[in-house]
Structure formats: C-alpha cells, structure tokens
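**Student:** kindly generate the corresponding structure for this input.
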Amino acid sequence: MIDAVLSRRNADLKTKITVKSAVSVGIVALAVILPQIVHALLGAAGGAQWLPMYLPVLLGGCLLGWHWGLGIGVLSPIVSFIITAAFGNPMPVAARLPYMIAELAVFATVSGLFSKKISKNALWAFLAVLTAALAGRTVFLLLAVAFQSVSPLSAYAAWAQVKTGLVGLCLQMVIVPISVIALSLFINGKRV
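**Tutor:** Below is the predicted model:
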C-alpha cells in the first residue's frame, strides 16, 4: 500500500527505500514495545492470549508488501529477544524464538502478498489478515510436530498456545484491517 502511494507521488527509489525503512523500523519498535506493555499489564498469560507482537507484523505486511513484511516478521522477534535478554527477561523465550521467527515471517509475508490489492481497495485487508493468521498458525503447528522430538515445545503445547491466542487473533482480524482502512482514507481522501 505504501509503495502504491509513493509511486502515485512519483517518489524516486531513494525516497521509497527511506520511507519504507523508516516505517519498518517503527513497526519493529512497536513489535518490541507492545508486548512489553501487555506483559506489564496482564502478565505472560496476557501475552499468550493477546499476541501483541503479531499485530504490528500483520500491519507491516499489509502496508509494505511481502518483501519488507518478511524482514519485519523475521526481525521483530529477534530484536525483541536481544533487547529483552539484555535486561534478563528474554521475550520470546529462547525455546520459542525459532518458532516465532518462522510464524511471524509467514504472517507478514502472506499479509504482504495482499498489499497491491489493499492499495486498490483497503477492504482486502480483512482477507489478508485472515489468510495470514491461518497460514502462520498452521506453520507453527507443523514445525512443532516436526521438531517435537528435539524441542521442548510439543505439538500438544503448540496446540494449546494456538487455542489460547484465538482471542487475540480474532481481535487483530478487526483492528489491523480497520487501521489499514483508516490509513487508506487518510492518505487517499475518501477512497477506500
């Protein structure tokens, strides 16, 4: 969506990269800060239920497309882990980190595949988020099944996490598309 806006404004390549980089850094920062807020207010159980890192990642895919979204999906849990580990409480925990990297990469990539359609009609964000959530959670479960013999995360525990996070994902399936639509209305005037 952002690329389409920049193209309509005849932005050169350097400007496009600068804007997309700035937006990506902001989204990754939000993906680090938002879980900290949720965990401070609601504890670890709140983080597992509301999945606060997923929201900015989904938003990044919808706004920036799959290339930049993939970067956001991979970097968000890594940056969060590095920063929070420095303070003695790594988030996500090391055992969950590879799974979150893969899952969030899928979330952002799949939602990003809809970015061109979203730039033409922001209502596509609803399908983008739903498809991304289904694909990302499926990848998470498949990885848990594939690696449960060598990982502390069992398929049963992964399934329990998926069920716990349904509330957060359902909320994000509303918040992210509405945010994208609002941003589209702001940028394009009244054109959704």
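**Student:** so the closest residue to residue 153 other than its chain neighbours is in which element?
**Tutor:** Nearest non-adjacent residue to residue 153, counting by CB to CB, 6 or more residues apart in numbering: residue 144, 5.4 Å away. Placement of C-beta: from N, CA and C, glycine included. Residue 144 is located in helix 124-147, with elements delineated by DSSP states H and E.
**Student:** list the contacts of residue 136.
**Tutor:** Shown here is residue 136, whose contacts under the criterion CB atoms under 8 Å, 6 or more residues apart in numbering are 54, 103, 104, 106, 107, 110.
**Student:** I'd like to know which of the residues you listed is nearest to residue 137.
**Tutor:** Set against residue 137, the nearest of the contacts of residue 136 by CB to CB is residue 103 (7.3 Å).
**Student:** re earlier: surely the residue nearest to residue 153 is in contact with residue 98?
**Tutor:** No - Residue 144 is beyond contact range of residue 98, at 10.8 Å (criterion: CB atoms under 8 Å).
**Student:** look at those two and report which has more neighbours.
**Tutor:** Neighbour totals were compared for residue 144 and residue 98, and residue 144 leads with 20 against 15 (other CB atoms under 10 Å).
**Student:** so how far is residue 93 from that one?
**Tutor:** Between residue 144 and residue 93 the computed distance is 15 Å (CB to CB, to the nearest Å).
**Student:** next one: residue 106
**Tutor:** In terms of CB to CB, residue 106 sits 20 Å off from residue 93.
**Student:** got the contact list for stretch 139-151?
**Tutor:** Outside stretch 139-151, the residues touching it (CB under 8 Å, 6+ apart) are 95, 98-99, 102-103, 106, 153-155, 157-159, 161-162.
**Student:** centre of the chain to the helix or strand following the helix holding residue 144, how far?
**Tutor:** For helix 124-147, the following helix or strand on the C-terminal side (DSSP H and E) is helix 155-164. For helix 155-164, the separation from the chain centroid amounts to 19 Å (computed by CA atoms, centre = their mean, to the nearest Å).
**Student:** got the angle between helix 155-164 and helix 124-147?
**Tutor:** Relative orientation of helix 155-164 versus helix 124-147 (axes from the mean of the first three to the mean of the last three CA atoms, to 10 degrees): 160 degrees.
**Student:** in helices only, show me the contacts of residue 136.
**Tutor:** Of the contacts of residue 136, the ones assigned to helices by DSSP state H are 54, 103, 104, 106, 107, 110.
**Student:** could you dump those to CSV with distance to residue 182, pLDDT and neighbour count?
**Tutor:** Below are the ones in helices among the contacts of residue 136 laid out as CSV (distance: CB to CB, whole Å; pLDDT from 0 to 100; neighbours: other CB atoms under 10 Å):
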residue, distance to residue 182, pLDDT, neighbour count
54, 19, 97, 29
103, 26, 98, 24
104, 23, 98, 33
106, 25, 98, 23
107, 21, 98, 35
110, 22, 98, 25
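**Student:** tell me which of the residues you listed is nearest to residue 78?
**Tutor:** Using CB to CB, the ones in helices among the contacts of residue 136 come closest to residue 78 at residue 104, 9.8 Å.
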